[in-house]
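[1] Sequence and predicted structure, then a few things I'm wondering about:
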Amino acid sequence: MIGHGASASGGDRDEVLLLRNTGEAQGNEVDYVSPPVTEPGLLESFAADLDAEDGEIDGQWRGRPLDEPGVRGDSPAFTRYQGVMLRRVIDQMGFGSDEVPDLLYVNMKETDLSYHAWGMDSPEVGDAMEAQDEELRKLVAHLDEEVGAGRWVVMVTADHGLVPDPERSGGFAIKGQEVLTDINAEFDQVDNDVDLAYHLTAYGAYIDEAELARNDVSLEEMGRWLAGYTLGENVTDEQELADWEGRESGRLFSAVLSGTERVDPCRSEE
């Protein structure tokens, strides 16, 4: 989102504030300018306030130690700190101070971080969402006061969706490496040490097009096969499979779509 800064020909040092979970700034000062707004002690103060919100000062938030940077950085204390830093950047950098429109990107990360740490339906995620809603309200009020009502636009976008943790939902966590292994076992019949399916992410499998041609197989054929791929095929351990007795024949994918990705993030252009 922030481009290449001064590293690009003719570029200048844009203002970029990347915050560590300790409250300090990080980044490349050669290519970007880090606004001098950080105050790690303020994050400590917000953590102390969060600690006291349950009526007991014990250094914890929902039973998690706030002196651990990873916990503090995923908590509402960091969201509140980020909100203050955002408002300081707006003021000190002069956003909205003239008739030339300014563009400011903000990534409020704690909902995502707390989800990955503790699960979608955890109370921690609820706390993170409430804190972010409150910071959005504060931002709107600040823009009205400092920039002027009717002179700004805020656009809110979202990241990926969430699913409940398998431990709580009873869902089956698909084993990605086994999916790759099974695709290659089914379709890659050319013995040349090149995998037909070589990478898998939450949004799909990457297929080597040259290897696809060598094996005389189409993406549609692979898609039809994957559409029938079952839980039983994805579990290789008999003891684990016993935990899913009665669900072995259940299909793992509701739909399988095929397409071409022109930019391959997993392999070099060579």
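    Thanks, I have it.

[2] going forward, measure contacts between C-alpha atoms and count neighbours the same way
    Will do.

[3] Can you classify Leu103 as helix, strand or coil?
    Three-state call for Leu103 (DSSP: H, G, I helix; E, B strand; the rest coil): coil.

[4] And for it, the neighbour number?
    By other C-alpha atoms under 10 Å, the residues close to Leu103 number 8.

[5] all strands of the protein, in order?
    14-15, 18-19, 25-26, 32-33, 60-61, 64-65, 197-201, 204-207 (DSSP state E).

[6] Direction included, what does the first one pair against?
    By that I understand strand 14-15. strand 32-33 (parallel) (DSSP bridges).

[7] Kindly list the longest helix within the chain.
    The helix spanning the most residues in the chain, taking DSSP state H as the definition, is helix 123-143.

[8] Buried deepest among the strands of the chain, which one?
    Ranked by mean neighbour count, the strands of the chain are led by strand 60-61 with a mean of 22 (mean count of other C-alpha atoms under 10 Å).

[9] That strand pairs with which strands, parallel or anti?
    strand 64-65 (antiparallel).

[10] What average pLDDT does the strand it pairs with get?
    Averaging pLDDT along strand 64-65 gives 96.

[11] for stretch 167-176, same thing?
    The model assigns stretch 167-176 a mean pLDDT of 87.

[12] Quickly note the distance from the residue most central in space within the chain to Leu257.
    Nearest residue to the geometric centre of the chain (C-alpha atoms, centre = their mean): Asp112, 5.6 Å. Distance from Asp112 to Leu257, counting by C-alpha to C-alpha, to the nearest Å: 26 Å.

[13] hmm, back to that, pLDDT value on the residue nearest to the centre of the chain, please?
    91.

[14] Next, the buried residues of the longest helix of the chain.
    124-129, 131-132, 135-136, 139, 142-143 (16 or more other C-alpha atoms under 10 Å).

[15] Contacts for that helix, please.
    Applying C-alpha atoms under 8 Å, 6 or more residues apart in numbering, the external contacts of helix 123-143 come out as 62, 75-76, 79-80, 83, 87, 108, 110-111, 114-115, 118-119, 149, 152.

[16] related to what we said a few turns ago, now the strands of the chain in TSV, with distance to Gln239?
    Shown next, in TSV, are the strands of the chain (distance: least, C-alpha to C-alpha, whole Å):
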stretch	distance to Gln239
strand 14-15	55
strand 18-19	45
strand 25-26	47
strand 32-33	54
strand 60-61	37
strand 64-65	34
strand 197-201	25
strand 204-207	28
